[in-house]
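> task: produce atomic coordinates for the following.
(one chain, ligands or ions: 2)
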Amino acid sequence: MIEVQHLTKRYGPTTAVDDISFRVEPGEILGFLGPNGAGKTTTMRVLTGYMPPTEGRAVVAGYDIFEQPIAAKRRIGYLPETPPLYPEMTVRDYLTFVSKIRGVPRAERRARVNDVMERTRVADVAQRHCGKLSKGYRQRVGLAQALLHNPEVLILDEPTAGLDPKQIIETRQLIKQLGGDHTVILSTHILPEVSQTCQRVVIINKGRVVAIDTPDNLTSRLRGSETMYVQIDAGANGAVQDALAAVPGVTHVAQTESRGTVASYEVNSDSGRDIRRELSAAVVNRGWGLLELRPLRMSLEEVFLHLTTEEAPHE
Ligand SMILES: Nc1ncnc2c1ncn2[C@@H]1O[C@H](COP(=O)(O)OP(=O)(O)O)[C@@H](O)[C@H]1O
Ligand SMILES: [Mg+2]
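Ligands and ions are numbered 1, 2, ... in the order given. I've put the predicted structure just below:
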């Protein structure tokens, strides 16, 4: 449903996003986890067609976001970091206005607006001006605006930021319900958020992907195991994953990237056990090219150290 390939974004000399690739399957809720400044917002702005990448491409719901931006954007609902509200409009007028822009047929507008207000629990402030809303309500009206045209893909930038604990729980439940019918990417710098809401997590730090895995696997990887990054050119051979998994001491193998005959893997092993010799032998003895082999464990730990673990509201 979403395919990000070798995306890079530079702001002058700053590389905000550095060659990231990942996929999101239909109906999946993917967490985009990383400390402040990691490049989450930049990636989302590129994915929603808000700005072009420096390099790489993104395909959303079958459409290249830069070659067919209108078709792609029609299928995307976007909650930016700061919800795009008009302070002088009431919540109902604003949502009606957005539904018009988003091409919701006139006859369906009222029902759609009522439906999203119900789901995001903003119906009680329907007549209030957007400029007078609390941060929690602004965030939820922002979410309502992203849902109006019933998009296949939802891209939510820190959807629970600024909400109180009760609103955080409600918003997470809403996002979970949206998964399945919708494909969702949400960003967060709060660790428990991903385990409670997401099926899979992309961890980014300093613009680079550090790990892609399920929340459970990530937790167990942090809890006393080593991760090696290996890049292999196996020609046309497809049995690399099995070969790596068969190395003594290896507990888990995940492919993270592939380009032509070259593929990258993250290989986990029992902590304290150095598998580098066996791992390199397994590759080289099969006649494959070992292009890179290095430990990853520290960078994953480093990221987690910089994440917020608290559940309380934050700024
Ligand atoms: N408009 C911009 N101009 C220059 N640098 C930017 C701009 N937006 C973001 N950056 C820089 O890009 C990096 C990634 O930022 P951002 O994508 O906002 O990260 P996150 O959302 O993960 O906190 C940071 O170093 C930030 O300072
Ligand atoms: Mg951000």
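
> show me what contacts whatever residue of the stretch 201-315 of the chain ends up closest to ligand 1?
In the stretch 201-315 of the chain, no residue comes nearer to ligand 1 than Gly207, which is 6.7 Å away by CB to the nearest ligand atom. From N, CA and C alone the C-beta is placed, and that goes for glycine too. Gly207 makes contacts with 15-18, 20, 38-39, 42, as judged by CB atoms under 8 Å, 6 or more residues apart in numbering.

> what's the most distant pair in those residues?
Farthest apart among these by CB to CB are Thr15 and Ala38. That separation is 12.1 Å.

> between those two, which has more neighbouring residues?
Using other CB atoms under 10 Å as the criterion, Thr15 and Ala38 rank with Ala38 on top: 25 against 17.

> contact partners for the closest residue to the more buried one other than its chain neighbours?
Excluding the flanking residues, the one nearest Ala38 by CB to CB, 6 or more residues apart in numbering is Ile204, at 4.7 Å. Shown in contact with Ile204 (CB under 8 Å, 6+ apart): 20, 32-34, 38-40, 43, 210.

> flag whichever of the contacts of Gly207 scores worst on pLDDT.
The member of those with the lowest pLDDT is Ala38, at 93.

> dump the residue contacts of that one.
189, 204-207, 303.

> and the furthest pair within those?
Spanning the widest gap among the contacts of Ala38 are His189 and Gly207, at 14.7 Å by CB to CB.

> neighbours around His182, how many?
His182: 20 surrounding residues under other CB under 10 Å.

> ok, it to Ala71 distance?
Applying CB to CB, to the nearest Å, the value for His182 to Ala71 is 17 Å.

> how about Ala161?
With distances taken as CB to CB, Ala161 is found 30 Å from Ala71.

> just His129 next, same as before
34 Å.

> what's the helix or strand for Gly77?
Using DSSP states H and E, Gly77 sits within strand 76-79.

> what mean pLDDT does the helix or strand that that strand is followed by get?
Using DSSP H and E, the helix or strand that follows strand 76-79 in sequence is helix 91-101. Averaged over helix 91-101, pLDDT sits at 96.

> any idea which of the contacts of Ala38 is closest to Ala246?
Nearest to Ala246 out of these is Val303 (CB to CB; 29.6 Å).
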